[in-house]
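Asks: Show me the folded form of this:
(chains A, B, C and D)
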Protein chains: 2
Amino acid sequence: MNKSVGIKEIAELAGVSIGTVDRVLHNRPGVSKKTSLLIHDVIKKTGYKKNNAASRLKLAQYNKIKIAVLLPIESLLKEHYWFLPLKGIQTAVQELVDYGVNYTLLTFKMSDAQSFENQVQTITQSDFNAIITVPYFYNESRTLLQEAKKIKIPVVFIDTHQEFNEDNYSIFQDSHKSGTVAARILHRIIGDKGNYLVINLNNKNTEVQDNMKKREEGFRSYFLNNKKSILSKIETLSTNVKNLNVFNLKLQDLLKSNENLGIFVTNSRAYLLPPLLSSEQFKNVTLVGYDLNERNLNLLKEDKIHFLLHQQPENQGYNAAKGLFKLLTENEDNSLHLTIPVEIFIKENL
Amino acid sequence: MNKSVGIKEIAELAGVSIGTVDRVLHNRPGVSKKTSLLIHDVIKKTGYKKNNAASRLKLAQYNKIKIAVLLPIESLLKEHYWFLPLKGIQTAVQELVDYGVNYTLLTFKMSDAQSFENQVQTITQSDFNAIITVPYFYNESRTLLQEAKKIKIPVVFIDTHQEFNEDNYSIFQDSHKSGTVAARILHRIIGDKGNYLVINLNNKNTEVQDNMKKREEGFRSYFLNNKKSILSKIETLSTNVKNLNVFNLKLQDLLKSNENLGIFVTNSRAYLLPPLLSSEQFKNVTLVGYDLNERNLNLLKEDKIHFLLHQQPENQGYNAAKGLFKLLTENEDNSLHLTIPVEIFIKENL
DNA sequence: CTGAAAGCGCTTACAG
DNA sequence: CTGAAAGCGCTTACAG
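Replies: Numbering: from 1, shown residues only, chains lettered A, B, ... in the order given. Next up is the predicted model:
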């Protein structure tokens, strides 16, 4: 806590010049084994810790830390979900400008794997020191990891988790776990006698996205572990958002019973549900969804969505950038393997 | 984003030396109005922003930023609640060592206002640059504010909010609001037909602490605004923890009805409830409490406490220290007026 | 294999 | 009222 030792004190105590101390500190060659050992000894004894501010002040002269941020093009839209991780990254970089950190945003189209791959080429051919992106396209993401490994720059994936054989850093929310959170909340409210409905609202075709599947699995696994008898009562409806009317017929059918109903919407589109329900029907319904987008928020305030689970996308971006800085300046990567806890929001704690 | 302008560029553009630029930047006297205006103009045009790392590197030579942290003596105990804000402060200071920031912990006894006042004397007679503490004793806290004002050092209160006439910074959770969070959760689970019970578990005598009162008020205000008919059904039990047996008699009386029961414990002692309830009684009970202490956590995992509200004490300490740094280095205080959102925890999102 | 010197962006005591 | 110089803790190119 008091006057901390610097490179100068180390040098004095070891009877060498500060240049030599620096060489040892950075494992640079050209130091005799004898002095190296001596200096290491002094470092240990004094508990020396590098002054990162001073170090970066000098280093930024030649070597800025340049982070490539590769996100869906929607991150350019202030109201969009994808803007949030970017915002987190911006905040972190802002806190680190004095250390010579900056970032460049590159975008891809989620409908076009090639656009992602092209940007990967651009990035790997430039002089970036790190990459933050989303493992949206599995194969192309693996290619990215391989390319990045060749030029020895770290990659941090955020938002979604994918298993790769290659080393990578990952900051995400455990989708399976968030499903269990939804399940426990609904179970406590609806109880053993009510009904449960999982709704997957898809964009294109009728493919259910990976993290939506995992959320549903988590939801079901909660009941498997805590109340098996309910498992058989859980219905799932999956639909393309363009076929909402067909979907609505099925929904109305399920609503005929007067039992309490717990509805779990596995993505950010819970806001599509309330307009389909009459106020009479609403009396028995509890609705849990994801993400604090404007439409969801408004309905949460109106008590038409009851719980929103939050993935803290901003936090993910923030932690990715801060973590990379720590990795690149202190060679410490323990904040780059991170699962973000599930935040629960109701009207009152927004 | 690209090469940012520094003091050197400003000097060059204004045709003066960097010393003069520095004088203008810090409003130090001895600069002619003419050059001052000129330099201000260049600063604005170039969008110059001080490199805090470089600035602090130089300044730390004479002026470390010394933060006095005055907390209850329990903050020395790793398992205690009061350790958490301290931990947050430690984390923040750790991130700022390179900037020449450190802190000194001073403690007081919560049973002894004089011990607080004594430490205030010690602090104001030393050369601290800022104070982080808790407004536990109202009058003594006001005295602190007055003393601190005299020697012009900022005070940040955390944990609890008090209104003072004197200027002060405050980082806390809105107790009233957290009560409304508990209310909405319980209301959704228990519904309009069940019963509601607020429990105040006190330490000494039978005084209910201020923030416990506010939590109860918040709880009741939710029903006032959302479902008046329930208001009259809310019972309150307040007791000294030493009289648990007397309390238990009353509790058992209230439990005789077979209705669902929502219990809201207004402080961190929810863990005292489950031992008093038979498993039969538990079937109808939902229990909401505060704080992630070990005993509460264990019961949350056993499904005997169902929701825990969290004040993020660590976060409060962290933000206080970081905020002070921003205030002292950039004269920006907007992160020192902060209300921390209510976090909701269940077993699955711990 | 090692040391002395210059400089990152800023601040301050000193000189004029 | 203003400038030139020294130095914060670190890094690196250069000289030996």
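
Asks: Compute the first-to-last residue distance for stretch A:266-273.
Replies: 12 Å (Cα to Cα, to the nearest Å).

Asks: That stretch and chain B in contact?
Replies: No. Using Cβ under 8 Å from any Cβ of the partner chain, stretch A:266-273 stays clear of chain B, coming no nearer than 15.8 Å. Where C-beta positions appear, they are placed from N, C-alpha and C, glycine not excepted.

Asks: how about that stretch: buried residues?
Replies: Residues A:266-273 are the ones in stretch A:266-273 that count as buried (16 or more other Cβ atoms under 10 Å in any protein chain shown).

Asks: got those residues as TSV, with pLDDT columns?
Replies: Formatted as TSV, the buried residues of stretch A:266-273 follow (pLDDT from 0 to 100):
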residue	pLDDT
A:T266	98
A:N267	95
A:S268	95
A:R269	96
A:A270	97
A:Y271	97
A:L272	96
A:L273	96
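
Asks: Residue ranges in chain A under the pLDDT threshold?
Replies: Where chain A drops to pLDDT under 70, the residues are A:1-3, A:204-207.

Asks: Can you give me the domain assignment for it?
Replies: By the assignment in automatic domain parsing, chain A contains the domains A:7-49, A:65-173+A:313-340, A:175-310.

Asks: between these, which one is nearest to B:N200?
Replies: domain A:175-310 (24.1 Å; Cβ to Cβ).

Asks: Of all the domains of chain A, which one is nearest B:N240?
Replies: Judging these by Cβ to Cβ, what sits closest to B:N240 is domain A:175-310, at 31.0 Å.

Asks: Of all the residues in the stretch 201-350 of chain A, which one is nearest DNA strand C?
Replies: Nearest to DNA strand C, among the residues of the stretch 201-350 of chain A, is A:T329, at 14.6 Å (Cβ to the nearest atom of the strand).

Asks: That residue is in contact with A:N52, isn't it?
Replies: Yes. Using Cβ atoms under 8 Å, A:T329 is in contact with A:N52, at 5.8 Å.

Asks: Now list whatever residues contact both of those two.
Replies: Shared contacts of A:T329 and A:N52 (Cβ atoms under 8 Å, 6 or more residues apart in numbering or on different chains): A:Y99.

Asks: Provide a complete list of residue ranges assigned to helices in the stretch 201-350 of chain A.
Replies: For the stretch 201-350 of chain A, helices defined by DSSP state H, counting those that start in this stretch occupy the ranges A:210-226, A:228-231, A:244-254, A:279-282, A:294-301, A:313-330.

Asks: Next, format those as a markdown table and append mean neighbour count.
Replies: Compiled in a markdown table, the helices of the stretch 201-350 of chain A are given as follows (neighbours: other Cβ atoms under 10 Å in any protein chain shown):
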| stretch | mean neighbour count |
| --- | --- |
| helix A:210-226 | 20 |
| helix A:228-231 | 13 |
| helix A:244-254 | 13 |
| helix A:279-282 | 12 |
| helix A:294-301 | 16 |
| helix A:313-330 | 22 |
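
Asks: Make TSV out of those and add distance to A:T122.
Replies: Below are the helices of the stretch 201-350 of chain A laid out as TSV (distance: least, Cβ to Cβ, whole Å):
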stretch	distance to A:T122
helix A:210-226	26
helix A:228-231	48
helix A:244-254	39
helix A:279-282	50
helix A:294-301	33
helix A:313-330	19
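
Asks: contacting residues for the closest residue to A:Y48 other than its chain neighbours?
Replies: Spatial nearest neighbour of A:Y48, excluding adjacent residues (Cβ to Cβ, 6 or more residues apart in numbering or on different chains): A:V5 at 5.2 Å. Counting by Cβ under 8 Å, 6+ apart, A:V5 touches A:46-48.

Asks: so where do the strands sit in the stretch 1-150 of chain A?
Replies: Listed in chain order, the strands of the stretch 1-150 of chain A (DSSP state E, counting those that start in this stretch) span residues A:65-72, A:101-108, A:130-133.

Asks: from the middle of its chain, how far away would the shortest one be?
Replies: So the one you mean is strand A:130-133. Relative to the chain's own centre, strand A:130-133 is displaced by 12 Å; criterion: Cα atoms, centre = their mean, to the nearest Å.

Asks: which helices and strands does it pack with?
Replies: Under the contact criterion of 3 or more Cβ pairs under 8 Å, 6 or more residues apart in numbering or on different chains; DSSP states H and E, strand A:130-133 touches strand A:65-72, helix A:138-150, strand A:155-159, helix A:313-330.

Asks: Nearest to A:I189 among those would be which one?
Replies: Using Cβ to Cβ, the helices and strands packed on strand A:130-133 put helix A:313-330 closest to A:I189, at 26.7 Å.

Asks: coming back round to it: show me the two of the buried residues of stretch A:266-273 that sit farthest apart.
Replies: Farthest pair in the buried residues of stretch A:266-273 (Cβ to Cβ) is A:T266 and A:Y271. Separation: 13.7 Å.

Asks: anything in contact with each of those two?
Replies: With Cβ under 8 Å, 6+ apart, A:T266 and A:Y271 have no common neighbours.

Asks: For the stretch 1-150 of chain A, what lies in contact range of DNA strand C?
Replies: A:15-20, A:23, A:29-36, A:54, A:57-58, A:60-61 (Cβ under 7 Å from any atom of the strand).

Asks: roughly how far apart are the one residue in chain A that gets nearest to DNA strand C and DNA strand D?
Replies: Here the residue of chain A nearest DNA strand C is A:G19; by Cβ to the nearest atom of the strand that distance is 2.8 Å. Look at A:G19 and DNA strand D: by Cβ to the nearest atom of the strand, to the nearest Å, they are 4 Å apart.
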